[in-house]
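[1] Here's a sequence, model it:
(chains A and B)
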Amino acid sequence: MLLFIVFAPLVTALLVLLGAPARLTSLLGAGATLLATLVAFVSYNVARGGYQFVTAWPISANAGLSFSLGADGLSLVMLLLAALVLLCAIWFTPAIEKSERLFYACLFFVAAGAIGAFASLDLFFFYAFHELALIPTFLLIGIWGTGNRFGAAWKVTIYLALGSFVLLIGLLLLYRSVPVDARSFDLRALQAAANAGAISASAQKQIFLLLLIGFGVLISLFPFHSWAPEAYASAPAPAAMLHAGVLKKFGLYGLLRIALPMLPLGARHWSSLLLVLLLGNIIYVGLVTIAQKRLDWMLGYSSVMHMGYILLGVASANLIGVNGAAVLMFAHGISIALLFAIAGEIRRRTGTLALSELGGFGKMMPFAGFTFGVATFAAIGLPGFANFAGEIMIFFGAFRVGAAWNGFHIFQIATVLALWGVVMSAVYMLRAYRAIFMGAPNEQWTMLPDLAKTLRAPVILLIAATVIVGFWPEGLLRVLRPTFSSGVGQSRASHSEAATTDAR
Amino acid sequence: MTSSLPWLALFLPLASALIILIATRPMATLSAAISVAAVLCSFVCACVVFVRHISSAPAISWIDLGPTFQVPLGLTLDPLSRSMLFMVTGVGALIHIYSLGYMRDDAGKSRYFAGLSLFMFAVLGIVLANNFVMMFIFWELVGISSWLLIGHWFERPAAADAAKKAFITNRIGDFGFMLGILMVWWATGSLGFGGIAANMNRLTSHPVYLTITALLVFCGAVGKSAQFPLHVWLPDAMEGPTPVSALIHAATMVAAGVYMLVRVGFLIGPSANALTTIAWIGTITAVLAALMATQQDDIKRILAYSTLSQLGYMVMAVGLASGNAAMFHLFTHAAFKALLFLGAGSIIFMLHHEQDIWKMGGLAKRLPLTCLTFLIGTLALIGFPGTSGFFSKDAILALAFTRNLPIFICGSFTALLTAFYMTRLVVLVFFGSPRSQEAARSGESPAVMVVPLVLLAIPALLGGYAIFARHLLVLPNEKSPIVIVPAVAFGALFLGVVSAFLLYRKRTTEPLRIGLFRDRFYLDQLYAFLIRWTQGLLASLSSFIDRWILDGAIVRGLSGGTWGSGFLLRLLQVGNLQAYGFLFGLGIIGLIYFTVFR
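    Model (predicted):
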């Protein structure tokens, strides 16, 4: 099952490159991937929990290296997100003038990198799959981008490559921190060794910092975020959807999968640093977002800002916060994909996304206006959409970390500041909506066509996904619960309890 | 008695909104019919719930993460929520019907009715919620539906700005509200109102924590019920269609804050400091808003400021620890203020959207039924003895008289101002001679609009008598200790009416121009100034740092400086992807080799 999910995008990419009809093959390939992912998601045995659909091909027994795939609740949620956004991004691809085949193939490679990483049970392939996505990202921005596309392409590639380099050092140190006879790239074996206390406290601190920076660059953690807005502003809409929606979640996934459960002492040691940095994402980048005058930059910054909330859930490291982080990862992927999709359609019509030049589009493009409105409210965490369910869990989770209930602690202060971010996101998102869709139409744009009928299905699909999860978060929590109660939750619950007793 | 009927009452409007959105958008008349049918069915359900005293409904789990965090979706069904359910669906149904006339030819009719239905869903959710998170969910949904309806005519810049302002101002209140919810939960480990009430001893043993918590929860009400200092959105919200102003910004949404305070009275009650603060916020709002109302020229804005002022009375009552008095005034106010707004809407509709009272005049002859019902509403609002408003306002003033004399004085002064500005309004609109062509030519509104006026006039007139009101509410037992309270109130009323009558009789322009009141104490300007110099400045500053220092200097400096002499710069200059990829790959392989195999 997982083998199919991982290789379907790769095979589709090859078929497209080899000359199969590009758009049709792509849609079929992406559709098949989504279908298979849905089947896996539904057939996951919740009562049994743990990794399922496991397949493994040993490569080097003495190094503990094997190509092994497996999925638990967290992986499945991410896989579902990846497959869903992939299909919608493919569907949303407009007619491409230069090298259409390569464009589709690149999208599939980006998605395959993310999907492979989410499904890998092996540290090496976890890393390698992500690397697979870097070069196609470069091509997508460099060839089909807009604006300063070469600069942006170089910047994002070098930035991400450096980030993954730091990450690689961290991962290799992690591998070496385990006694020689227990060394393995297998995530389950590593976790077992970590649970048995094989990783010393000092090694944990050292490695966690490296992983935090490495993953942090990929997540666009403050102050390593400045690649993101520029890249998303320059990238073609389908690429921005995939990258901001899916690939960026790789770093968060890594923190939840590796850094947090395997290095609990490291996580605890650096939690204040992480809090300060994530508040940089929320407050500082939030302010930067308010100052933006172009929609694409604003959306890019807003996606950087929202990483702060997910990281707050990660940092809280308790059951509530971590579940919330996973739900918000899914939710944010959907909402940012929707926003970039519709922003891309607007840019295709007007050639500009400067807020001052747009206006009154609600009248001419009612469907775009309605769906962008839905995405706006989803993004700012209105109830009824998945983002709200995730954010509220994160806030509750973060608020109860640490001190006894009547004494304030850094986590409580961070939660208060993060909550203020919710007001800031309402400010910039509603201002953008007001500037683009409301008000009197600019006479320049009186005859713009609405979204083509054929492009409406993916938009509705994404909205349906966020609404379903928003009304029924249990749909995701059902599979997430077994993951976190046995993994991150357990090892970290003891941490927060320990901290509570400390404070008393 | 257990029944799923309350759930039906709650979800029918949502179903209507969804059907309109998905299926019947192009067919505006059908959409309107669906929306009206849904609210009528809700009303019938509410009546059954009310008459049969249904006291519980099935609950489901929304988020369940074990014992530490559970969010159920369940309903509170006690006399208070049953009465609110009845009132909200009843007033809502009348306003839906009225809208059939008012919005008859509107291009966005389907969208309008979908918005109304969504709003009904949201506000019924607040009424029925049995825990804080569920209340917060519907609280925010009220915010979005209000944004939709205020911004209904979104091509008008004023409406678009007003919608945004309302939403963001409410969000600021919600920030405090959410924080309050977190603190309550942290202390009691519970989100349900029942569970919190049972664990209140944990909070009452920490008075400072309790006071902060109670005031933070109150922040939510400050936003939603438009209390000072977050009142600025409500007058601007008058840019929405008039029935919306009647429904949302008079009878229901703004009442939600007061209702919430009464619902969580067990939390606020034990903190004397919080109660005092709340009472004074209410008092300040009541006085300030009444002062501003005396100088407005737009008929809807006068009513909007009057709403602020009356909400101030309700919050004052909450602060004086009488939820019953607050609810009593909330109910009578819902009837007479909806009546006044719909009456104003009837005038505006027949005068082709003229809202300036200086361009009206002599309308008593042109719109006799509207005039009659509007007069009834006015009498109730100013608390004329015998009308509903008299009883409820008297209850609050009596309360203030026994508990806090300064507040009583402010409350009586507000009563004077209320009588003054309403008399000004009535004299200028209905009497004298027409001051514009529209006013001279207008006729009476269609029946579909007049019938709701007549139906609302009945409770506005009679709703205060105990024989009617006690079926709906627990009446405050605060009887006027002596005749002094009604005497002062009547004196204030008399003074207000007579002075306004003498001042504005036969005027064609404003004789008093008080800039301070006209320009709302310059608060809007002050806020704009503050926003520009705090948020605006910080945002520009951060943006500058991000663009030129963080990105410009550090990132480029790092890649160009530290590594500059090294291989990276040369790679950049080579600009050769293969070379770069190749070297990078080689480095990685080397690294892996050395860590793994050595």
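[2] tell me the helices in the stretch 1-150 of chain B, going along the chain?
    With DSSP state H, counting those that start in this stretch as the criterion, the stretch 1-150 of chain B has helices at B:5-19, B:28-51, B:79-102, B:109-128, B:132-150.
[3] hey, which of the ones you listed is tucked in deepest?
    Of these, the one with the most neighbours on average (mean count of other CB atoms under 10 Å in any protein chain shown) is helix B:109-128, at a mean of 27. Just so you know, the C-beta spots here come from the backbone N, C-alpha and C atoms, and that holds for glycine as well.
[4] Quick one: mean pLDDT over that one.
    For helix B:109-128, mean pLDDT rounds to 92.
[5] And the next helix or strand past whichever strand or helix holds A:A82?
    If you go by DSSP states H and E, A:A82 is part of helix A:73-91. Next helix or strand after helix A:73-91 toward the C-terminus (DSSP H and E): helix A:100-119.
[6] What is the next helix or strand along the chain from that following helix packed up against?
    Using DSSP H and E, the helix or strand that follows helix A:100-119 towards the C-terminus is helix A:123-132. When contacts are defined as 3 or more CB pairs under 8 Å, 6 or more residues apart in numbering or on different chains; DSSP states H and E, helix A:123-132 sits against strand A:65-71, helix A:100-119, helix A:149-177, helix A:187-195.
[7] one more time with 6 Å
    Counting by 3 or more CB pairs under 6 Å, 6 or more residues apart in numbering or on different chains; DSSP states H and E, the packing neighbours recorded for helix A:123-132 are helix A:100-119.
[8] mind checking which of the helices of the stretch 1-150 of chain B is nearest B:S388?
    Evaluated over these, closeness to B:S388 peaks at helix B:79-102, with 12.8 Å, by CB to CB.
[9] now that closest one and helix B:5-19, what's the angle there?
    Helix B:79-102 runs at 30 degrees relative to helix B:5-19, counting by axes from the mean of the first three to the mean of the last three CA atoms, to 10 degrees.
[10] what's helix B:79-102 in contact with?
    B:32, B:36, B:39-40, B:42-43, B:46, B:49-50, B:120, B:123, B:127-128, B:243, B:246-247, B:251-252, B:331, B:334, B:338, B:342, B:345, B:349, B:446, B:448-449, B:452, B:455, B:472-473 (CB atoms under 6 Å, 6 or more residues apart in numbering or on different chains).
[11] ok, now stretch A:274-294?
    A:221-222, A:298, A:301-302, A:304-305, A:307-308, A:311-312, A:315, A:353-355, A:414, A:417-418, A:421, A:424, A:427-428, B:538-540, B:542-543, B:546.
[12] mind checking how far that stretch is from the chain centre?
    Relative to the mean C-alpha coordinate of its chain, stretch A:274-294 is positioned 17 Å out (CA atoms, centre = their mean, to the nearest Å).
[13] Quick one, which of the contacts of stretch A:274-294 are buried?
    Buried residues within the contacts of stretch A:274-294, counting neighbours by 16 or more other CB atoms under 10 Å in any protein chain shown: A:221-222, A:298, A:301-302, A:304-305, A:307-308, A:311-312, A:315, A:353, A:355, A:414, A:417-418, A:421, A:424, A:427-428, B:538-539, B:542-543, B:546.
[14] can you tell me the average pLDDT over stretch B:222-242?
    The model assigns stretch B:222-242 a mean pLDDT of 89.
[15] Likewise for stretch A:157-172?
    88.
[16] chain center to that stretch: distance?
    Worked out by CA atoms, centre = their mean, stretch A:157-172 lies 18 Å from the chain centre.
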